[in-house]
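Student: quick one, fold the following:
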Amino acid sequence: MNINFNTNEDALKLQLTEMKRRLAEINLGGGKKKIEKEHQKGKLTARERIAYLTDEKSDFLELGAFAGDEMYQEYGGCPSGGVVMGIGYVSNRACVIVANDATVKAGAWFPITAKKNLRAQEIAMENKIPIIYLVDSAGIFLPLQNELFADKDHFGRVFRNNAKMSAMGITQISAVMGSCVAGGAYLPIMSDDALIVDKTGSIFLAGSYLVKAAIGEDIDNETLGGATTHCEISGVTDFKAENDEACLDRIRKIVDKIGHDTQAGFDRIESKKPKEKEKEIYGIIPKKRDKPYKVREIIARLVDQSEYEEYKKDFGKSIICAFARVDGWAVGIVANERAVVKTKKGEMQLGGVIYSDSADKSARFIMNCNQKKIPLVFLQDVTGFMVGSRSEHGGIIKDGAKLVSAMANSVVPKFTIITGNSYGAGNYAMCGKAYDPRLIVAWPTAQIAVMGGSQAAKVLLQIEKAKLKAKGKTLSEKKEAEMLKSITEKYNEQTSPYYAASRMWVDAVIDPLETRKVISMGIELANHAPITDTFNVGLIQT
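Tutor: Numbers count the residues shown, from 1 in each chain. Predicted coordinates for the structure are as follows:
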């Protein structure tokens, strides 16, 4: 056990307290006054709608809660990107749920809102599970329309995905529970089921003011595009509900009757808790990120009965590869070893660094898991690949390419947990966001960047000094120290897990004790989608 256990535990608990404080503030959306205003209209808030819709006592895994965090401050902010999204159980079926938050700029779409909605659709498509949209949005936030209207992954991509999911046989259910205007009106109508709440729901391409300006017609919004109009005259919607609760009840009945698809067949047995105390993770992760620890101690507190079988245990020691079970599901774990280890040749390998032998071992392990149809779990705490003449002459680039290729072409579902450092090419090799993990989450201890803050600051300082030298100027020691501090602080801010989460580089920042739940729910979702691609077994060459 780590001799600094109590110090580490206190530090991580403080980080968790800060995480919960941030979440509590974010969960208020546009604030208590805006929430009360929605209640006065007879409406539930986005989170209240999700709580009512999902099965009692079931887990709701919220994703993207920190989306937009501390962004768009010039417009008053955009908590959670103005939309609540996650995975929940409705009538005992796992579904992706997306609910516009009308307390945040009337549910208007910011650029991060589009990114978050596309991530929700991606999860539904990858796992072939139903997606439910609870629509209450004023449409595109016009001051930022140039950042979310016309490009490939902008607003229009949502409707393209609507059409693709219909072709894939993925059920889409939309409930119009507030405004649904302009281009956004296509989303519910391109869904398989469209519901609307009487008096509060409305759908139109242009509201009454724009209609008056465009063609001179005088008409109120309810007559133009309310529930009665679309259920009795236009036939645009399928069901009219008297209130939010009735609408959500109807959605539960629709989901209850959806047929079941062929499963992928990932192996699961009875779940068993780890023998080691899970809470001890708090004391194992070092307070200082440059301190070593044994990742096996983390693995033992995440897997069933704390049991795992290592692959090539005495080879490639800077990465641990192991077969285990998480909540009964069979998994293959690829984890960076943070302790300094000694090889059979007597060489010392630095913790958190990927060496040639570790890259080779990991690539072969990934291939092994693909052949056996075992989902992969990556525990990222990596500073990058080993550098220097010995590594270069030994073919580190070639071996690193094997690992990246094997991981990128893997067809079994991948899940990434960033527990500590996630630097440089190490982020890529250990299944960063660019490599399509089904879910990617971070602990509050995570740091994500090209390199560590202190190293990056020194590099950037050297660049600044070189610029000044070219102009015949020099820095005093005091000015140099001030500049180094300023650069370090700015860089460290950008390595924060919250910075990453606000931009949807990770799906969530979680308490380490939620890790088993995230992995288990992720594999359960993935099990709905049979593997159709074939892993390239010729990929890994000796």
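
Student: from now on I want contacts and neighbour counts done on CA atoms only, so please keep to that.
Tutor: Fine.

Student: residues in contact with Gly395?
Tutor: When contacts are counted by C-alpha atoms under 8 Å, 6 or more residues apart in numbering, Gly395 touches Ser356.

Student: ok, now which residue in the protein is the farthest from the centroid?
Tutor: The C-alpha centroid of the chain is most remote from Gly472, which lies 48.1 Å away (C-alpha atoms, centre = their mean).

Student: pLDDT score for that residue?
Tutor: Here, the pLDDT recorded for Gly472 equals 83.

Student: once you drop chain neighbours, what's closest to Asp153?
Tutor: Nearest residue to Asp153 in three dimensions, chain neighbours excluded: Lys115, at 7.4 Å (C-alpha to C-alpha, 6 or more residues apart in numbering).

Student: just Ala335 next, same as before
Tutor: That would be Leu379: by C-alpha to C-alpha, 6+ apart, it lies 4.6 Å from Ala335.

Student: does the one you found touch Ile418 like I think?
Tutor: Yes. Assessed by C-alpha atoms under 8 Å, Leu379 is found in contact with Ile418 at 6.0 Å.

Student: what ranges does the stretch 301-450 of the chain have for its helices?
Tutor: The residue ranges that make up the helices of the stretch 301-450 of the chain, judged by DSSP state H, counting those that start in this stretch, are 356-372, 389-393, 396-409, 424-429.

Student: mind checking those helices for the one nearest to Ala138?
Tutor: Of all the helices of the stretch 301-450 of the chain, the one in closest proximity to Ala138, counting by C-alpha to C-alpha, is helix 424-429 (37.6 Å).

Student: touching the closest one from outside, list them.
Tutor: Helix 424-429 has contacts (C-alpha under 8 Å, 6+ apart) with 354, 380, 382-385, 400, 403-404, 407, 434-435, 448-451.

Student: same thing with stretch 169-180?
Tutor: 43, 124-125, 128-139, 162, 165-166, 187-189, 191-197, 200-204, 244, 247, 251.

Student: go again using 7 Å as the cut-off
Tutor: Stretch 169-180 has contacts (C-alpha atoms under 7 Å, 6 or more residues apart in numbering) with 128-139, 188, 191-197, 200-204, 244.

Student: now do stretch 340-355
Tutor: The contact list for stretch 340-355, computed with C-alpha under 7 Å, 6+ apart, reads 292, 317-318, 336-339, 381-386, 396.

Student: could you do stretch 57-65 as well?
Tutor: 80, 85-89, 116, 501, 504, 507-508.

Student: picking that back up, quick check: the gap between the residue nearest to Ala335 and Ala241.
Tutor: Distance, Leu379 to Ala241, by C-alpha to C-alpha, to the nearest Å: 46 Å.

Student: could you give the average pLDDT over stretch 249-265?
Tutor: According to the model, stretch 249-265 has a mean pLDDT of 95.

Student: wait, doesn't Arg220 sit right on Ser208?
Tutor: Careful, residue 220 is Asp and not Arg. Yes. The pair Asp220 / Ser208 is scored as a contact, 5.7 Å apart, by C-alpha atoms under 7 Å.

Student: so if I had to pick from the two, which one is more boxed in?
Tutor: Ser208 (19 against 13; other C-alpha atoms under 10 Å).

Student: hmm, that one is touching Ile219, no?
Tutor: Yes. Under the criterion of C-alpha under 7 Å, Ser208 makes contact with Ile219 at 5.9 Å.

Student: helix/strand/coil for Thr228?
Tutor: Classification of Thr228 by DSSP: H, G, I helix; E, B strand; the rest coil places it in helix.

Student: what about it, neighbour count?
Tutor: By other C-alpha under 10 Å, the residues close to Thr228 number 21.

Student: distance of it from Pro79?
Tutor: Distance, Thr228 to Pro79, by C-alpha to C-alpha: 33 Å.

Student: what's the mean pLDDT across stretch 208-228?
Tutor: For stretch 208-228, the per-residue pLDDT averages 87.

Student: excluding chain neighbours, what is closest to Ala67?
Tutor: Ser502 (3.9 Å).

Student: what about the one you found, how many residues nearby?
Tutor: Ser502, neighbours per other C-alpha under 10 Å, totals 23.

Student: what's the answer for Val236, then?
Tutor: So Val236, with other C-alpha under 10 Å, has 18 neighbours.

Student: list phi and psi for it.
Tutor: phi -70, psi -40 (degrees, to the nearest 10).
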